[in-house]
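Enquirer: Let me see the structure of the following:
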Amino acid sequence: MKLFRILFLNLLFAFSLITVNASADDFSDKKEVKKFIKEMVKKHKFNKQYLDKLFSSAKMYDSILEAIARPAEGKPWYQYRPIFVTKRRTQGGINFWKKNAEALARAEKTYGVPQEIIVAIIGVETRYGKHAGSYPVFDSLATLAFGYPPRATFFRGELKHFLLMTREENFEAGKLLGSYAGAMGMPQFISSSFRHYAVDFDGDGKRDLWNNPTDAIGSVANYFRKHHWKRGQPVTHKVEVHGKKHPKLITKSLKPSHTQLELLVNGVILPVRIDEKLKGKLLKLKTEKDPEFWVAWNNFYVITRYNHSALYSMAVFQLSQKIKQGYLKL
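Expert: Numbering: from 1, shown residues only. Sure thing, here's the model as predicted:
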């Protein structure tokens with residue numbers, strides 16, 4: 001009986017996938033899609049026939065729904081770090097820096113963001129533009145907006161931004177490629193980020209994050225400045241802890257909220273003197289042996305605005321330091 005039930009459930013799951021694939025070629029019959037189109041026509045003056053055509057030609061991807069259900073950030077630090085902090089990605093960053101030295105220096109001067117941080121972001125996101133995604137962005141966003149209920153509201157908002165972006169930039173909505181989550185170009189900006197933070201850093205009249213590293217560099221730097229990166233301030237420090245009080249400082253919030261006196265009183269030992277005004281956030285990273293403890297400052301928090309994960313931000317920071325060390329040796 002138990003075996004029969006397992007076989008029945010497997011067949012039911014397989015049938016559900018077949019059903020999704022069978023109806024994947026057309027969103028137009030979905031009630032939520034019709035409502036979305038009506039809203040875009042009424043509020044943003046889109047042509048209904050144009051939107052009907054986009055949705056009728058879009059496909060729902062099972063692989064997208066599977067990928068968003070198992071993000072890399074679910075791994076412990078000792079498994080997450082080796083994905084991004086590698087010799088190959090470090091050398092790629094050094095090469096990217098060499099090729100784009102002028103743009104990176106100008107971005108740091110203009111926006112106050114260190115060159116190595118900009119390079120590391122692009123390295124972590126797309127291996128310096130080599131892996132920027134192969135999904136049609138419209139299809140990705142439509143799949144998640146109307147096929148992934150846990151975050152449907154967010155992705156419908158991004159789909160709206162995408163359509164507005166393509167109209168504003170004179171892009172062909174059906175031809176732009178990106179990640180399974182609809183992130184685009186070398187820095188993997190989502191649609192709302194493109195509209196708010198992308199810049200034409202080389203002055204050619206276009207904001208091109210797919211093929212123009214200069215625009216990508218300037219856009220990443222502008223993103224961090226707009227999220228309150230502070231020039232010259234530290235990012236994070238590895239620390240030692242003692243006693244039994246420090247665990248209460250480790251919370252889900254990523255925002256630095258503890259004064260240095262609070263850190264000290266609770267057993268956190270900082271390795272260097274820091275501006276007393278800076279507040280920190282204690283992080284505990286899981287390794288194969290004893291855990292690592294770090295104090296993250298405002299600029300670390302700014303990196304988490306790019307991807308709301310302490311693991312992501314730590315990978316960016318550590319990769320940036322390796323790239324900088326290698327570049328300065330040239």
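
Enquirer: Contact partners for K286?
Expert: K286 sits next to 76-78 when contact means CB atoms under 8 Å, 6 or more residues apart in numbering. For the C-beta atoms, the positions are set from N, CA and C on the backbone; glycine is no exception.

Enquirer: By neighbour count, which of the residues you listed wins?
Expert: W77 (19 neighbours; other CB atoms under 10 Å).

Enquirer: Pipe the contacts of K286 into TSV and attach secondary structure per row.
Expert: TSV is the format used below for those (DSSP: H, G, I helix; E, B strand; the rest coil):
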residue	secondary structure
P76	coil
W77	helix
Y78	helix
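
Enquirer: So which of those residues is the closest to Y306?
Expert: Lowest distance from Y306 to the contacts of K286 (CB to CB) belongs to W77, with 18.1 Å.

Enquirer: so V41 is in which element?
Expert: According to DSSP states H and E, V41 maps onto helix 31-44.

Enquirer: how far off helix 31-44 does the following helix or strand past that helix point, in degrees?
Expert: For helix 31-44, the following helix or strand on the C-terminal side (DSSP H and E) is helix 48-57. Angle, helix 48-57 to helix 31-44, by axes from the mean of the first three to the mean of the last three CA atoms, to 10 degrees: 150 degrees.

Enquirer: re earlier: CA atoms of the helix holding V41 as CSV?
Expert: Extracted C-alpha coordinates of helix 31-44, given in CSV (Å, rounded to 0.1, in the frame of the first residue of the first chain):
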residue,chain,number,x,y,z
LYS,A,31,-7.1,35.8,-15.2
GLU,A,32,-4.1,37.4,-13.4
VAL,A,33,-2.4,38.2,-16.7
LYS,A,34,-5.5,39.8,-18.2
LYS,A,35,-5.8,42.0,-15.0
PHE,A,36,-2.1,42.9,-15.3
ILE,A,37,-2.5,43.9,-19.0
LYS,A,38,-5.5,46.0,-18.2
GLU,A,39,-3.6,47.8,-15.5
MET,A,40,-0.6,48.5,-17.8
VAL,A,41,-2.9,49.8,-20.5
LYS,A,42,-4.9,52.0,-18.1
LYS,A,43,-2.1,53.3,-15.9
HIS,A,44,0.9,53.4,-18.3
